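Peer 1: Structure, please.
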Amino acid sequence: MGVKNRIDAQRLELREWKIRRDLSKGAKGSDRKTLENSEVCQTLRHIRGSHLVTHLVHRHPDWRIINLDILDYCCSPRSLESVEHRANYTFIRGDVCSHRLVHHIFKTENIDVIFHLAAKTHVESSFKSSLDFQRVNIEGTRVLLKAAQQAAHKVQKFIYVSTDEVYGPGIDQVFDESCPMRPSNPYSATKAAAEFLVQSYWEKYKFPIIITRSNNIYGPRQFTEKVIPRFISLLQRNEKCTIQGTLPKSRHFLFVDDAISAFLLVLEKGIVGEIYNVGSGCEVPIVQLAWELIKMVKKVPDSEVNDWTEFVPDRPKVDLRYPIDCEKLQRLGWRAEVCWTEGIRQTVKWYEDHLDFWANSSDDSKASPELLHSAL
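Peer 2: As a prediction, this is how the structure comes out:
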């Protein structure tokens, strides 16, 4: 995009934001000083963001929720239909990397809490588009931190949602929050770099940051590039589950409702400057995941399960597992409540009931064999 077009786009963002702000002033009320009557700004992409927004809007009508989201290919406005007309909800379609837009929001609103979830996350894409990942995951975090730290209204908490992948792979080691970061792909490298930025604001300014590092989050409304919805989508199209390589890969899965409860507990009881692992302890081998989904979606006997799997070439470097220790978060009172059996049942049912939810996605890579075969 040329300089003139970029400036015009930023002007349009500001103009649209001013219009939305004027229309929603009635929901704002007086300045908020406590979390009981807060303005919460969220930068969102992916499954966690939409679920967090809907939870906060419905459960906290006295909070004003401001949602900044660019609506990338993996996001759908339909995910937020249940809150779009709520008086305590404001949506801003914009880029977290837009210095003018982000600073304008903090100048015109009294933001108390920030949940920063905006990120590009697909590992395979990060090898091909590493500059895009650097821009969103690192530069977007820098822009948001700077605007929040310089805001006239003091931010009470800035919660940065990171990933267990920053630790790198672990065969026998279980990672707690004190373990060094050893990211092994461009995605996790940009998340680790963003963490260093976030931590630097705590070290220099005592800006009230908290970092979470979570397992693979799954549940309804997740875009079909991730392993669980991708397998379900393939099976619904009568295609085989494509499994990369033959090494014994596994992932720890956390149901989205449990992830949201963890984020909210960190908001309430988390200590600023600290890091919290968020995980379920539910480790599922990818082959077993495929088998379970095949039986649930295709209703076939065990003897026919292998007919619905296909092994494809793996990446040159792949992480087998990411085990994390969540004792620190558990000491705050958190436990995962949704077992794997119930979580995957709810997830499969949602995709069966919403076959066309992602049908109009702008994902131009959906038909790419490479992305089709890369679900982790």
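
Peer 1: quick check: domain ranges of this protein?
Peer 2: Segmentation of the chain into domains, based on automatic domain parsing, reads 10-218+254-278, 227-251+282-321+339-373.

Peer 1: Going by secondary structure, E195 is in what exactly?
Peer 2: Per DSSP states H and E: E195 is located in helix 186-205.

Peer 1: quick one on the thing from earlier: winner for burial among the domains of the chain?
Peer 2: Compared across those, domain 10-218+254-278 shows the largest average neighbour count, a mean of 19 (mean count of other Cβ atoms under 10 Å). C-beta: built from backbone N, CA, C; applies to glycine.

Peer 1: Show me what the mean pLDDT comes to for that domain.
Peer 2: For domain 10-218+254-278, the mean pLDDT works out to 86.

Peer 1: Tell me the secondary structure of D172, please.
Peer 2: coil (DSSP: H, G, I helix; E, B strand; the rest coil).

Peer 1: Okay, helices next: where are they in the stretch 1-150 of the chain?
Peer 2: 3-24, 46-59, 99-108, 123-128, 130-133, 140-150 (DSSP state H, counting those that start in this stretch).

Peer 1: now the last one: how far from the chain's centre is it?
Peer 2: Read that as helix 140-150. 19 Å (Cα atoms, centre = their mean, to the nearest Å).

Peer 1: Dump the C-alpha coordinates for the helix holding E195 into CSV.
Peer 2: Taking Å, rounded to 0.1, in the frame of the first residue of the first chain, the C-alpha atoms of helix 186-205 are listed here in CSV:
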residue,chain,number,x,y,z
PRO,A,186,8.6,-17.6,13.2
TYR,A,187,5.2,-17.5,14.9
SER,A,188,6.5,-18.4,18.4
ALA,A,189,9.5,-16.2,17.9
THR,A,190,7.3,-13.2,17.3
LYS,A,191,5.3,-14.0,20.3
ALA,A,192,8.4,-14.3,22.4
ALA,A,193,9.7,-11.0,21.1
ALA,A,194,6.4,-9.4,22.0
GLU,A,195,6.7,-10.8,25.5
PHE,A,196,10.1,-9.1,25.9
LEU,A,197,8.5,-5.8,24.8
VAL,A,198,5.7,-6.2,27.3
GLN,A,199,8.1,-7.1,30.1
SER,A,200,10.3,-4.1,29.3
TYR,A,201,7.3,-1.8,30.1
TRP,A,202,7.0,-3.4,33.5
GLU,A,203,10.8,-3.1,34.1
LYS,A,204,11.0,0.5,33.0
TYR,A,205,7.7,2.1,33.8
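
Peer 1: So which elements touch it?
Peer 2: Packing contacts for helix 186-205, counted by 3 or more Cβ pairs under 8 Å, 6 or more residues apart in numbering; DSSP states H and E, involve helix 123-128, helix 130-133, helix 140-150, strand 157-163, strand 209-214.

Peer 1: the inter-axis angle of that helix versus helix 140-150?
Peer 2: Helix 186-205 and helix 140-150 meet at an angle of 20 degrees, taking axes from the mean of the first three to the mean of the last three Cα atoms, to 10 degrees as the criterion.

Peer 1: okay, the angle between helix 186-205 and strand 209-214?
Peer 2: Per the same axes, to 10 degrees, the angle that helix 186-205 makes with strand 209-214 is 160 degrees.

Peer 1: Contacts for helix 186-205 next, please.
Peer 2: Residues from elsewhere that reach helix 186-205 (Cβ atoms under 8 Å, 6 or more residues apart in numbering): 119-123, 125-127, 130, 133-134, 137-138, 141-142, 145, 149, 158, 160, 162-163, 165-166, 168, 181, 183, 207-209, 211, 272-273.

Peer 1: Next SSE downstream of the helix or strand R251 falls within?
Peer 2: Assigned by DSSP H and E, R251 belongs to strand 250-255. Going down the chain from strand 250-255, the next helix or strand is helix 256-269, by DSSP H and E.
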